[in-house]
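Student: Have a look; sequence and predicted model below, questions after that.
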Amino acid sequence: MNFINHWDKQLLPIFAFFKRHQILSWTVSVLLIIGILLIGVSVKSSMEMTKARATLEVMLKENHDGNQIPRSKLIKEESGPFSGIVWYDYTFSSPQTLAESKRYLKATGQPYQQVTLENCPIVYRVILRPPTKTSKRWTGQIYLDTNQQLSGSGRSSYVQALSAKSLRDLN
């Protein structure tokens, strides 16, 4: 009982202060609520990225063999702020992309002797789509592409044909 009386005496001046300064108390309350909401959004985003990363690892382990060198981080992308269309983008290189990069550089007349897994221009691009109302599971596609974020019109016809030929679903 003594402990409770002690804290009541300690907190009483703080409550009296806020009662006298209502604008300040409302401001502190609103800032506290905004802070809690921001923390919640951050935690949700972090959990989504962790789930996407785990799904990516499982899909690649089941559908792709060989040595993989990451070329970009897993990135969450959206088509618009209110569209609800979300996907995750990831690129990596492998011995297959190295061989394809050398063929690509030969075809375009560029030097290809110094190409390695770390700098090859052709990579595998993985697109992951999270579950939606119609599709209750994660879906993914993998295809050969350049390591640049270009739309279809910004890519050469060689790369567009290569992407179309190598496109396959990940399950």
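Tutor: Structure's in. What do you need? Residues are numbered from 1 along each chain as shown.
Student: Show residues contacting the helix or strand harbouring Gln96.
Tutor: In this structure, Gln96 is located in helix 95-107 according to DSSP states H and E. Helix 95-107 is contacted by residues 66-67, 111-112, 115-117, 120-124, 144, 158-159, 162 when judged by C-beta atoms under 8 Å, 6 or more residues apart in numbering. From N, CA and C alone the C-beta is placed, and that goes for glycine too.
Student: Tell me the helix or strand right after it.
Tutor: Per DSSP H and E, the helix or strand that comes after helix 95-107 is strand 122-129.
Student: Walk me through which strands that following strand pairs with, and which way each runs.
Tutor: Next to strand 122-129 in the sheet, as set by DSSP bridges, lie strand 86-93 (antiparallel), strand 139-146 (antiparallel).
Student: In CSV, list the C-alpha atoms belonging to that strand.
Tutor: What follows is strand 122-129, C-alpha atoms only, in CSV (Å, rounded to 0.1, in the frame of the first residue of the first chain):
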residue,chain,number,x,y,z
ILE,A,122,22.5,-10.7,-68.1
VAL,A,123,20.9,-11.9,-64.8
TYR,A,124,18.0,-14.0,-63.6
ARG,A,125,15.1,-11.7,-62.5
VAL,A,126,12.7,-13.2,-60.1
ILE,A,127,9.2,-11.7,-59.6
LEU,A,128,7.3,-12.8,-56.5
ARG,A,129,3.6,-12.0,-56.0
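Student: any idea what sits nearest Thr108, other than its immediate chain neighbours?
Tutor: Spatial nearest neighbour of Thr108, excluding adjacent residues (C-beta to C-beta, 6 or more residues apart in numbering): Tyr158 at 7.2 Å.
Student: picking that back up, the strands paired with strand 122-129: which one's closest to Ser45?
Tutor: Nearest to Ser45 among those is strand 86-93 (11.3 Å), distances taken as C-beta to C-beta.
Student: Quick check: buried residues in the closest one?
Tutor: Trp87, Tyr88, Tyr90, Thr91, Phe92, Ser93 (16 or more other C-beta atoms under 10 Å).
Student: need the helix or strand of the chain with the lowest average pLDDT.
Tutor: In the chain, the helix or strand scored least confidently by mean pLDDT, DSSP states H and E is helix 2-20, which has a mean of 68.
Student: Show me what secondary structure element comes after it.
Tutor: Helix 2-20 is succeeded, C-terminally, by helix 22-63 (DSSP H and E).
Student: what helices or strands is that following helix leaning on?
Tutor: Judged by 3 or more C-beta pairs under 8 Å, 6 or more residues apart in numbering; DSSP states H and E, helix 22-63 is in contact with helix 2-20, strand 75-78, strand 86-93, strand 122-129, strand 139-146, strand 168-170.
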